[in-house]
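S.K.: my questions concern the predicted model and sequence given below.
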Amino acid sequence: MKKTALITGATSGIGKATAQILAKNNFKVIICGRRKERLADLGKELSAFTEVHALAFDVRDKNDVFEKINGLPEEFSTIDVLINNAGNAHGLDPIQNGDLDDWDAMIDINVKGLLYISKAVMPIMIERKSGHIINIGSTAAKEVYPNGNVYCGSKHAVDAITAGMRIDLNPYGIRVGGIHPGMVATEFSEVRFKGDAERASNVYKGFDPLQAEDIADIIHFVVTRPYHVNIADLVVMSTAQASSTIVNKKML
Ligand code: NDP
Ligand code: 8X3
């Protein structure tokens, strides 16, 4: 029988590539994001492979999160796999120059949004004593780099919450794991630099960065392990990257 996966942030980057690989590999998919047109296009594309349901909401809107998840049609209501992926960095400034709206966005989306979605989905898994939650952290969840302050803080919180979820959901047989990518060439830097495409593309110049499909491939691997196997914590970087600040740009 097909499993159902709910993927947040499926309109772009890692989330979109994850929806694509899971749809092609025997999962029903619930694709989430704010951009309705992108959801409609992706829904059309994936319906050639599987059953797809699109949910448009902002993860910051807790009432809408609960309304949308509690209102899922019967055939999508048994969520087996939750990929908590929606998130971004907003700004890259020394903390003393940080923008309050950027701070709010990162804490509200990356941390509180992940909590709201999880709160809505966990009862479904607890009732069935089965389920798998993957939280997308970052290398920024494991180390702190200059000007990364609040983004790193939000991802460190994701790392801690992931560990907490694994402990508290242990009695219910629910698998919980964190996947922590290094630099992935997606729309991430365009969002961080508020649409400055040139500055964003410079981030990935001079080396061969991870692609969204690399992370999606790993997520597919993680969620298709036998039930007794839980990949609890996984850090992945491109070969050129050794840490948040050390990237070998002489390799190409
Ligand atoms: P993208 O910018 O390409 O994708 C971000 C996704 O998050 C979009 O689908 C966006 O959808 C969704 N999203 C953002 N804000 C909200 C919101 N308020 N409500 C609902 N959905 C939202 O970036 P990535 O694919 O790279 O990022 C995905 C995850 O991976 C993030 O958590 C990021 O922190 C993490 N990550 C990224 C790395 C990288 O280098 N790219 C490295 C390590 C981790 P929409 O705008 O339609 O709402
Ligand atoms: C995204 C990777 O290094 O820009 O989480 O923080 S980094």
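M.R.: Received, thanks. Ligands and ions are numbered 1, 2, ... in the order given.
S.K.: Asp214 sits in which helix or strand?
M.R.: helix 212-223 (DSSP states H and E).
S.K.: check which helices and strands that helix sits against.
M.R.: helix 13-23, strand 131-136, strand 174-181, strand 233-236 (3 or more CB pairs under 8 Å, 6 or more residues apart in numbering; DSSP states H and E). For the C-beta atoms, the positions are set from N, CA and C on the backbone; glycine is no exception.
S.K.: closest one to ligand 1 among these?
M.R.: With CB to the nearest ligand atom as the measure, helix 13-23 is the member of the helices and strands packed on helix 212-223 nearest ligand 1 (2.2 Å).
S.K.: is that closest one up against ligand 1 anywhere?
M.R.: Yes: using CB under 6 Å from any ligand atom, we find that helix 13-23 touches ligand 1 at Gly13, Ile14, Gly15.
S.K.: where are the low-confidence patches of the stretch 151-252 of the chain?
M.R.: By pLDDT under 70, the weakly predicted segments of the stretch 151-252 of the chain are 252.
S.K.: how about the residues of it that lie near ligand 2?
M.R.: Close to ligand 2, as judged by CB under 6 Å from any ligand atom, the stretch 151-252 of the chain has residues Met183, Phe188, Ser244.
S.K.: going by neighbour count, which of those residues comes out on top?
M.R.: Phe188 (22 neighbours; other CB atoms under 10 Å).
S.K.: rewinding a little: can you put the residues of helix 13-23 next to ligand 1 in JSON lines and add pLDDT?
M.R.: Below are those laid out as JSON lines (pLDDT from 0 to 100):
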{"residue": "Gly13", "pLDDT": "98"}
{"residue": "Ile14", "pLDDT": "99"}
{"residue": "Gly15", "pLDDT": "99"}
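S.K.: export those residues to TSV and tack on neighbour count and distance to Ile167?
M.R.: Putting these into TSV (neighbours: other CB atoms under 10 Å; distance: CB to CB, whole Å) gives the following:
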residue	neighbour count	distance to Ile167
Gly13	21	30
Ile14	29	26
Gly15	28	26
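S.K.: quick one, longest helix in the protein?
M.R.: helix 149-168 (DSSP state H).
S.K.: check which helices and strands it sits against.
M.R.: Going by 3+ CB pairs under 8 Å, 6+ apart, helix 149-168 lies up against helix 114-128, strand 131-136, strand 174-181.
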